[in-house]
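[1] 3D, please:
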Amino acid sequence: MGLVSNSKNFQRVLEFPDNRLMIDLCGQLDCNLARIENEIRVQILRRGNLFEISGGKEDCESAATILQSLYTQLESGKCLEPGDVDATIRMRDEFFKPDLKNNQKRDKGKGFSQVSLEIVTKKKVILPRTFTQKLYVKNLINGHLTFGVGPAGTGKTYLAIAVGVNMYLNGVVDKIILTRPAVEAGERLGFLPGDMKEKVDPYMQPLYDALQDCLPGRQISKMLDEKIIEIAPLAFMRGRTLSNSFVVLDEAQNTTEMQMKMFLTRLGENSRMVITGDMSQIDLPRGIKSGLASAFKVLKEVKDIKFCIFNSDDILRHHLVTKIIKAYEHFEKPNTKE
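    Presented below is the predicted three-dimensional model:
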């Protein structure tokens, strides 16, 4: 219940039944409450399992909804990870943003809760944390060809690999194929020491990292040995038909137009293909057009091909990463006269 004296002096009281969840809900030294206070501009006073939220009416309702959402997640047996509070705040921001077309606020009743698309893997249950991530996961599950484009840290590759693992565990596909163009370091593979695996592995480490979050190490090794999981440079895809597979092309902004066309035409029966990239991180030599940029222009009107565009609000790394990327975006914009 809440009492209102004016729009800036409102109080909302919440009571949660399970005292055992309060430590996790509030965080160490009440850090979760402090984060909500700083972001939503409210004050939160806790007495046991009672929370008094003071501030503007809309801000109080927003903070209450965030706490209820986090409590529901804990109540269902899931742990609160460091990014969950920030992610839930971002979800709140989506609902309280004005609808620019209709000059109205979005419906608060749809989709705000953390009850969402669960990606079950051997090691953990992974939840998409923002609206774009939810749309992306839906497209990965229901579509055959999905593009995920946006800045680093938005979960494009991580979620794609998690969905691929889930589909393999549920018998939807027989293989997981992960690839990326090996141009980031500016070195030709032939000049690097070691055999081909030793040459390639440093470029593929982000893909291994995502796999290790989803599967036990021994199972990954076994699946690699049995070619159930393949991790290889993009050049190794030439001439193949990728059937009954979940295929992820990472760092696609570094493909040439010819490489992108080659890769897209590898799609075989009962396969899912995901292309991820960040147009702000192109490492191609000067004068060579990005295959990802070209594909976006050529394929955007093709039915059954899905494009998900992420932005800095979807970044789920440390909250400073969002601020850093926004600062660079602002700095790199051409100066315009007012």
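
[2] and this protein, what are its domains?
    Domain assignment for the chain, taken from automatic domain parsing, gives 2-105, 121-332.

[3] output these as CSV; include the columns mean neighbour count and mean pLDDT.
    The C-beta positions use only the backbone N, C-alpha and C, and glycine is treated the same way. Listed next are these as CSV, based on neighbours: other CB atoms under 10 Å; pLDDT from 0 to 100:
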stretch, mean neighbour count, mean pLDDT
domain 2-105, 16, 77
domain 121-332, 18, 87
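
[4] so how far is Leu29 from Met22?
    From Met22 over to Leu29 the distance is 13 Å, taken as CB to CB, to the nearest Å.

[5] which stretches in the stretch 51-200 of the chain count as helices?
    Applying DSSP state H, counting those that start in this stretch to the stretch 51-200 of the chain gives helices spanning 57-75, 82-96, 131-142, 156-169, 196-214.

[6] now those in JSON lines, with distance to Asn49?
    Formatted as JSON lines, these follow (distance: least, CB to CB, whole Å):
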{"stretch": "helix 57-75", "distance to Asn49": "10"}
{"stretch": "helix 82-96", "distance to Asn49": "19"}
{"stretch": "helix 131-142", "distance to Asn49": "30"}
{"stretch": "helix 156-169", "distance to Asn49": "34"}
{"stretch": "helix 196-214", "distance to Asn49": "33"}
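
[7] figure out which of those helices is closest to Val274.
    Checking those against Val274 by CB to CB gives helix 156-169 as the closest, at 4.3 Å.

[8] which elements pack onto the closest one?
    The criterion is 3 or more CB pairs under 8 Å, 6 or more residues apart in numbering; DSSP states H and E, and the helices and strands that helix 156-169 contacts are strand 119-120, strand 125-126, helix 131-142, strand 145-149, strand 175-180, helix 196-214, strand 245-249, strand 272-277.

[9] the longest one to helix 156-169, inter-axis angle?
    The reference is to helix 196-214. Helix 196-214 and helix 156-169 are oriented at 80 degrees to each other (axes from the mean of the first three to the mean of the last three CA atoms, to 10 degrees).

[10] give me the contact list for helix 196-214.
    Contacts to helix 196-214, defined as CB atoms under 8 Å, 6 or more residues apart in numbering, come from residues 121-124, 126, 157-158, 161-162, 165, 178, 180, 182, 184-185, 189, 192-193, 220, 229, 231-233, 248, 250.

[11] and for the second one?
    Under the contact criterion CB under 8 Å, 6+ apart, strand 125-126 has outside partners Lys78, Glu118, Ile119, Tyr158, Leu159, Ala162, Asp213, Cys214.

[12] paired strands for it, with orientation please.
    Using DSSP bridges, the strands paired with strand 125-126 are strand 119-120 (antiparallel).

[13] equivalent analysis for the fifth one, please.
    Sheet pairing here is set by DSSP bridges, and for strand 175-180 it gives strand 229-233 (parallel), strand 245-249 (parallel).

[14] go on, the last one?
    Note on strand 272-277: by DSSP bridges, its sheet partners are strand 145-149 (parallel), strand 245-249 (parallel).

[15] which one, of these, ends up nearest to Val298?
    Val298 lies closest to strand 145-149 among the strands paired with strand 272-277, at 11.6 Å (CB to CB).

[16] adding distance to Gly56, write the strands paired with strand 175-180 out as TSV.
    Below are the strands paired with strand 175-180 laid out as TSV (distance: least, CB to CB, whole Å):
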stretch	distance to Gly56
strand 229-233	51
strand 245-249	44
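
[17] so for Leu169, which of these sits nearest?
    Across the strands paired with strand 175-180, closest to Leu169 is strand 245-249 (CB to CB), at 11.1 Å.

[18] give me the helices and strands touching the following helix or strand past that closest one, please.
    Later in the chain than strand 245-249, the nearest helix or strand by DSSP states H and E is helix 257-264. With contacts taken as 3+ CB pairs under 8 Å, 6+ apart, helix 257-264 sits against strand 272-277, helix 291-299.

[19] format these as TSV; extra columns: distance to Arg238.
    Shown next, in TSV, are the helices and strands packed on helix 257-264 (distance: least, CB to CB, whole Å):
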stretch	distance to Arg238
strand 272-277	15
helix 291-299	14
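
[20] so Val123 touches Leu215, yeah?
    Just to correct that, residue 123 is Lys rather than Val. Yes - between Lys123 and Leu215 there is a contact at 6.4 Å, judged by CB atoms under 8 Å.
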